[in-house]
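**Q** 3D model of this:
(chains A, B, C and D)
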Protein chains: 4
Amino acid sequence: MHQDVIKVAITGGSGYTGGELVRLLHFHPKVEITQITSQRLAGKFVHNAHPNLRQVSRHKFCTLSELAPCDLLFLCLPHGRAMDSIDAFRTLAPKIIDLSGDFRLRNPSDYDKWYGRAHPRPELLTEFVYGIPELHRARMARADLVTGAGCNATATILALRPLVQAKLVDSVVVEVKAGSSEGGNASSDASHHPERSGVVRSYKPTGHRHVAEMQQALDGIPIHFSATAIEMVRGILATCHVFLREDVDEKALWKLYRQAYGDEPFIRIVKERSGIHRYPEPKLLAGTNYCDIGFERDPHSNRLVVLSAIDNLMKGAGGQGVQALNAMHGWDERTGLEFPGLHPI
Amino acid sequence: MHQDVIKVAITGGSGYTGGELVRLLHFHPKVEITQITSQRLAGKFVHNAHPNLRQVSRHKFCTLSELAPCDLLFLCLPHGRAMDSIDAFRTLAPKIIDLSGDFRLRNPSDYDKWYGRAHPRPELLTEFVYGIPELHRARMARADLVTGAGCNATATILALRPLVQAKLVDSVVVEVKAGSSEGGNASSDASHHPERSGVVRSYKPTGHRHVAEMQQALDGIPIHFSATAIEMVRGILATCHVFLREDVDEKALWKLYRQAYGDEPFIRIVKERSGIHRYPEPKLLAGTNYCDIGFERDPHSNRLVVLSAIDNLMKGAGGQGVQALNAMHGWDERTGLEFPGLHPI
Amino acid sequence: MHQDVIKVAITGGSGYTGGELVRLLHFHPKVEITQITSQRLAGKFVHNAHPNLRQVSRHKFCTLSELAPCDLLFLCLPHGRAMDSIDAFRTLAPKIIDLSGDFRLRNPSDYDKWYGRAHPRPELLTEFVYGIPELHRARMARADLVTGAGCNATATILALRPLVQAKLVDSVVVEVKAGSSEGGNASSDASHHPERSGVVRSYKPTGHRHVAEMQQALDGIPIHFSATAIEMVRGILATCHVFLREDVDEKALWKLYRQAYGDEPFIRIVKERSGIHRYPEPKLLAGTNYCDIGFERDPHSNRLVVLSAIDNLMKGAGGQGVQALNAMHGWDERTGLEFPGLHPI
Amino acid sequence: MHQDVIKVAITGGSGYTGGELVRLLHFHPKVEITQITSQRLAGKFVHNAHPNLRQVSRHKFCTLSELAPCDLLFLCLPHGRAMDSIDAFRTLAPKIIDLSGDFRLRNPSDYDKWYGRAHPRPELLTEFVYGIPELHRARMARADLVTGAGCNATATILALRPLVQAKLVDSVVVEVKAGSSEGGNASSDASHHPERSGVVRSYKPTGHRHVAEMQQALDGIPIHFSATAIEMVRGILATCHVFLREDVDEKALWKLYRQAYGDEPFIRIVKERSGIHRYPEPKLLAGTNYCDIGFERDPHSNRLVVLSAIDNLMKGAGGQGVQALNAMHGWDERTGLEFPGLHPI
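**A** As a prediction, this is how the structure comes out:
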């Protein structure tokens, strides 16, 4: 191992986000994976949970209690576990990236409102840097504690942030179309294939928790959010109906988005005049860390439709976690995230 | 044949809507199908285009020029054909149901705006009854000319009509998720399976023609419409984000919808507190003429989310055409439309 | 109710097969459904399990212990239950149709071999008529006890029976491609959508139980069977690679199949020279009771490929059960089974 | 560029195989892509055809006539083109890898039989090395002309080769389940999404061309082949029903396959006793160059079921082409082919 390789452990490694981290960090030139926990599968090879890693990773799962000190700890536990055990985890590693929702909101009262419980360590909330590098990479570079960002929140925030910063947004209706992996790896009646296959299921017409993150990152603009589960495993398309405070034409919008994202390695403006791939398409992003953004001005009203696509397990979870890891260490943010996606798929 | 059986011919019978008409009318106890046209497949059995009708229908396609007089003529031609040949068709049958978009809009100038051409027979536009029986069944009962309604328009109009009539709607954002059969039976790069499979394709973020029909039927309320093609063959889910002019609670909404649709044979209010089928689900409606409608009030704003699901080829095309046929003749509107749909599917 | 309506109860009505029976019998002109049992959902409306029946069926589930006497009892219980309780069920109804696997095999020792337990009522095995009407309709007409047939077995037996009867078959390799509903309505890791979606899963390369039924109905010819789960909810395609004992050309095969099935209401020979629907296609059969059969002679060997498609919940379960019900009562076998299927789907 | 980087051009770069080559070679450390041809899209960016390469590749397509000399030329043209123009291509590059079917068969008369035309350059057939490195890597290391291998042929040959070499095979029935990308990127009625979606389409029950390649590589054993198109974009599962000449138990089979493939970087034996990923699964291989192989002995007969999964565009086309490129140059065969695949997907 090279001198500059850091030791990273992953908790909750049998879940889908954990699996993506194992896959990505296995090929990351600056990282050595030391341990991967799973209470359920402790002692078994990781390819039992992640069959794509057969003959790729030779790691076995261990339990949480077997965790040894390391340089950085990824937490991929179910919501609520990280906040309860954060002190123990901090004794194991100087740096932590928590991909659950436990430390995303800065205002403690938001936990009462959206998660239905008081936060046990509210004083830590402002120490965690919110995990979208495009927003907070400077802070990440000097942070020890970073939280992930919700997948729906990431797609929405990146779509709207340039407009909000330009004070152009009056209000917005956001419709997210999401795949089944967003629900995690635990089976249920709702995920049973004959029932889940081919659905257009309005699983959260109102009241989605990620709205809290979105409003926190988007200056509190009114966000009317709905989520619909569709036939897809990976992927999110956020369709954002933005009502503008003033008229802006498409040329100005191009300029605005280019200024905001022209240098971003993982954001592409996708807006073609012809062809069959004119707007962001989540299926093309499977396995990649891209967030593709497109837009169309409605000539008959003050509406602007902004489209934003990501892979929920990558830019919406594990990929963004690795991007944050890179940002925390001053490495090229693309390191370990070069896969460009497949076509056709 | 019974005395009260009417003779019906179908033009454009090789398309998907035409195929549904053949399937439905074949089993309709009051109808005899006399002829089915297809310029492309003239001389061939209808099961060449519609393999589900093998050993069910023994009809062969004929050409338009072979059409003989009948009691009622269904027009399922590509948009633009019916308006150009309407006079010829009227010499063949005293009653016509046109399922294209050619006579849906009452205001001739809307054709210039949305269809890009002047209407050749504008004086007929007010003679055609707009084809949603729930709105116009009384007029249908005495009409000779009935037009269909757009599939997206049908789902949206039925979802919103009770709210509009109660003057509750300030504005609405409508997001339609649609299947691939909406594009018809002609193949293209966009419909090529490796490209179309699994998409979340924003094919009409703004500017969809059906908005004209919606506004005509919904008192001109502001409608912000987008359509997204998803992995599905049949089906539409319209998610309508309604911004209310006054506060209305869910109890009052239940009352409103029950009053509007309590006696409707094809509209069901679908809103469950638990289970995996809490809201309208288009896949359950494949082959049926139902429009399932559900709703959820956003407690944090003046938004009401109304969900509306149909089978685009049934309640959105052929099924609604048969329902209109029934309404025109004073028959029970359910005649020939009894299929309840499948589960699982 | 008419004098000739019989009273039918359904046990195990919350499963997928039970749901199909409720759907079919609800519209059956000779049947009144009296009770539908579900231990899990007793007291709830049937549309809680079968959302397609909203506003169609007003029945509520009851428990097994609440069952009252009726004219005919359908048993749709998990395998093993019917054989343990058959005597109790017989006190409730003079006629029974058991759609489980409990009474399909005539030789008691086959239960030890394929189901891993001794049969508790072996003397009943020869009283039950095996449930494929095309084979045993004459016996059904005078039977009180009828068993269903396995879905894979039905597709395979109907494909091969004419060849076996003509002594043409040396051996056969049968490859079944099956949808997810074949596994029933209980969720599991294997049926979790992100895992089950898009699979080509060799779930039973060898050793499938249905082979016992096949060999029983096919004179013991050697059958090499494999089953593969694919992306589909309903449907089976059985590809049968038949090795012939003597040369037979396609003309002779046409004649053979026409003689065997020319008058069968639910068997269609599907074999076109051109077009995109040249062979049996299960998706076109969703909701129908058809078994579509096609074939192609391999000009380079003694192989004949026979293709057979059904809807596993219809001709493979509930639909065939209703067909058997009709056969038992001397009714037109098509009664209640008229739905022709959808296209496109 | 480093000294050891070779210049590679790709003809037919707008097709699916060409797109995979562009994706793979773009990241290949020993290769510089110099030109990519497309007659149809000449002058346009490659991301017009391959939207996954947006901001990844800045290449534009050129015409065939614009091709400049290079070190190695990939031919991805429709079948028939390479054989007609091979002399012209050889003037452009000292090394050629042809991924069409034009030079796969060594016996000229096979072209008459399987492709329906005489081969124009039969004397070249024995100069081309057949493109499965696991079979011919030594010859590739000194070859200038390499041909690809059919996707179905690759999956089948790798599954059966160890058994054939051990003289264990009497005959075999091979059933391939294939995705829609196998048909290429040209749309047709057969590939129209409403028709192609969800099919189990027996598109080649007998007479598939790839049988010629299989028999050439498998010592002429009798192969009974059928192909079925299913709901999938990428991927092949070949289910091989092998009839053994002598009894072999699973332990001996493990040994046989381990000896054959234990050191192969792209072949994995997949055979688990439990879990939901017990056998090869093509969806897990999307984007990878793996061929996963599993097997199960039928205890009731002399049948052995061997399962083989690949991504048809990777190990079945472009990926294997890059592996061959590596073998021709003495590079680690894994170079540029490290992507392990995704889970879930």
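**Q** is it true that A:Cys151 touches A:Gly319?
**A** No - applying Cβ atoms under 8 Å as the test, A:Cys151 and A:Gly319 come out as separate, 10.5 Å apart. Where C-beta positions appear, they are placed from N, C-alpha and C, glycine not excepted.
**Q** hey, what's in contact with both of those two?
**A** Shared contacts of A:Cys151 and A:Gly319 (Cβ atoms under 8 Å, 6 or more residues apart in numbering or on different chains): A:Leu313.
**Q** Go through whichever helix or strand A:Val176 is part of and flag the buried ones.
**A** A:Val176 is part of strand A:169-178, with elements assigned from DSSP states H and E. For strand A:169-178, the neighbour count (16 or more other Cβ atoms under 10 Å in any protein chain shown) marks A:169, A:171-178 as buried.
**Q** between these, which is nearest D:Gly15?
**A** Set against D:Gly15, the nearest of the buried residues of strand A:169-178 by Cβ to Cβ is A:Lys177 (29.7 Å).
**Q** Next one: the closest one relative to chain C, how far apart?
**A** 15 Å (Cβ to the nearest Cβ, to the nearest Å).
**Q** repeat for A:Thr34
**A** From A:Thr34 over to chain C (counting by Cβ to the nearest Cβ), the distance is 28 Å.
**Q** That residue contacts A:Ile6, correct?
**A** No - if you go by Cβ under 8 Å, A:Thr34 and A:Ile6 don't touch, sitting 9.7 Å apart.
**Q** count of neighbours near the residue lying closest to A:Arg196 once chain neighbours are set aside?
**A** Once flanking residues are discounted, A:Arg196 sits nearest to C:His193: 4.0 Å by Cβ to Cβ, 6 or more residues apart in numbering or on different chains. For C:His193, the neighbour count with other Cβ atoms under 10 Å in any protein chain shown is 29.
**Q** Return the residues in contact with C:His193.
**A** A:180, A:191-193, A:196-197, A:233.
**Q** where does the closest residue to A:Ser180 other than its chain neighbours fall, phi/psi-wise?
**A** Once flanking residues are discounted, A:Ser180 sits nearest to C:His193: 4.1 Å by Cβ to Cβ, 6+ apart. Dihedral angles phi and psi of C:His193 (degrees, to the nearest 10) take the values phi -50, psi -50.
**Q** go on, A:Ile97?
**A** Torsion angles, degrees, to the nearest 10, at A:Ile97: phi -120, psi 110.
**Q** quick one: it from chain D, how far?
**A** Computed as Cβ to the nearest Cβ, the A:Ile97 to chain D distance reads 21 Å.
**Q** Disregarding residues adjacent in the polypeptide, which is nearest to that residue?
**A** Per Cβ to Cβ, 6+ apart, closest to A:Ile97 is A:Val146, 4.8 Å.
**Q** Show the model's pLDDT score for that neighbour.
**A** Reading off the confidence values, A:Val146 has pLDDT 98.
**Q** and it, how many neighbours?
**A** Other residues lying near A:Val146 total 27 when counted by other Cβ under 10 Å.
**Q** pLDDT below threshold where in chain A?
**A** Residue ranges of chain A with pLDDT under 70: A:1-3.
**Q** Could you pick out the residues of it near chain D for me?
**A** Residues of chain A lying close to chain D by Cβ under 8 Å from any Cβ of the partner chain are A:16, A:19, A:23, A:26-27, A:48, A:50-56, A:181, A:185, A:233-234, A:268, A:270, A:275, A:277, A:281, A:284, A:286-288, A:292, A:338-345.
**Q** so of those residues, which ones are in strands?
**A** Among those, the members found in strands (DSSP state E) are A:268, A:292.
**Q** and the residues of chain A next to chain D near chain B, which?
**A** Among these, chain B is touched by A:281, A:344-345 when using Cβ under 8 Å from any Cβ.
**Q** Tell me who's in contact with the residue of the stretch 151-300 of chain A at minimum distance from chain D.
**A** Going by Cβ to the nearest Cβ, chain D is nearest to A:His277 of the stretch 151-300 of chain A, at 4.1 Å. By Cβ under 8 Å, 6+ apart, the contact set of A:His277 is A:270, A:284, D:51.
**Q** got it, and A:Ile97?
**A** A:72-75, A:131, A:146-148, A:321, A:324-325, A:328.
**Q** how close does the residue lying closest to A:Gly336 once chain neighbours are set aside get to A:Thr335?
**A** Using Cβ to Cβ, 6+ apart and skipping the chain neighbours, the partner closest in space to A:Gly336 is A:His28 (3.6 Å). To A:Thr335, A:His28 is 6 Å away according to Cβ to Cβ, to the nearest Å.
**Q** who's more crowded, those two?
**A** Ranked by neighbour count (other Cβ under 10 Å), A:His28 and A:Thr335 place A:His28 first, with 21 against 18.
**Q** what's the burial count for the one residue in the stretch 1-150 of chain A that gets nearest to chain B?
**A** The minimum distance from the stretch 1-150 of chain A to chain B, using Cβ to the nearest Cβ, falls at A:Lys113 (9.8 Å). Counted with other Cβ under 10 Å, the neighbours of A:Lys113 add up to 12.
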